[in-house]
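Participant: When you get a sec, could you give me coordinates for this:
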Amino acid sequence: MTQKTYSDKWKDRFDFFERNGLPGSPGYRDAIKQLKFTQRPRYMYNFYAFFFGFIYFCILGLWKKGLTLFVGIAVINLLLGVFEVLSDVNMDGVVRGVNIAYAAFCAMSVNSAYYLHTIKGIDSWNPFQGMTRKSSAELEKIPSRQY
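Facilitator: Predicted coordinates for the structure are as follows:
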């Protein structure tokens, strides 16, 4: 079995998470504040995930987390659609806002999710892993693998 190679951008992100922790940890927040404004998006967001969401999660092998997010947003949209039909209220703005929030969460979570999958070996259904102090502290105790 050949070892997968990662781009310099992903290696840089993995090293950043190794040094500073996951998005829920205080070390991550402090490290992000130390970066220049133009450097922050590299670690905080992923523009492919913003525009392609579930498809990009699947490309990276994060189909469980991507499917969880996709089903969640589909249920929310279904409920909004039912409410819109039953109440005869135009909900286009709300639906658009909810979908933009979904895209933004995909963009903000995929980098740390891919780090957890690749470096920590965690393949779970929970797309919110590492986003809180408690979960990031627990995940940082897991030994890292070499990439």
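
Participant: Quick check: closest non-adjacent residue to Leu62.
Facilitator: Nearest residue to Leu62 in three dimensions, chain neighbours excluded: Ala113, at 5.4 Å (CB to CB, 6 or more residues apart in numbering). The C-beta positions use only the backbone N, C-alpha and C, and glycine is treated the same way.

Participant: Could I get the full set of helices for this protein?
Facilitator: Using DSSP state H, the helices of the chain run over residues 8-20, 26-34, 40-44, 47-59, 63-87, 92-115, 133-140.

Participant: what packs against the third one?
Facilitator: Okay, so that is helix 40-44. Counting by 3 or more CB pairs under 8 Å, 6 or more residues apart in numbering; DSSP states H and E, the packing neighbours recorded for helix 40-44 are helix 8-20, helix 26-34, helix 92-115.

Participant: can you pull the buried residues of stretch 79-92?
Facilitator: Under the neighbour-count criterion of 16 or more other CB atoms under 10 Å, stretch 79-92 has 80, 91 buried.

Participant: The residue nearest to Leu62 contacts Phe128, correct?
Facilitator: No. Judged on CB atoms under 8 Å, Ala113 makes no contact with Phe128 at a distance of 9.6 Å.

Participant: Name the residue in the two with the higher neighbour count.
Facilitator: For Ala113 versus Phe128, neighbours defined as other CB atoms under 10 Å are more numerous around Ala113 (29 against 14).

Participant: quick one: pLDDT of that one?
Facilitator: In this model, Ala113 is scored at 96, pLDDT.

Participant: Report the contact partners of it.
Facilitator: For Ala113, the contacting residues are 57, 62, 65, 127, 129-130, by CB atoms under 8 Å, 6 or more residues apart in numbering.
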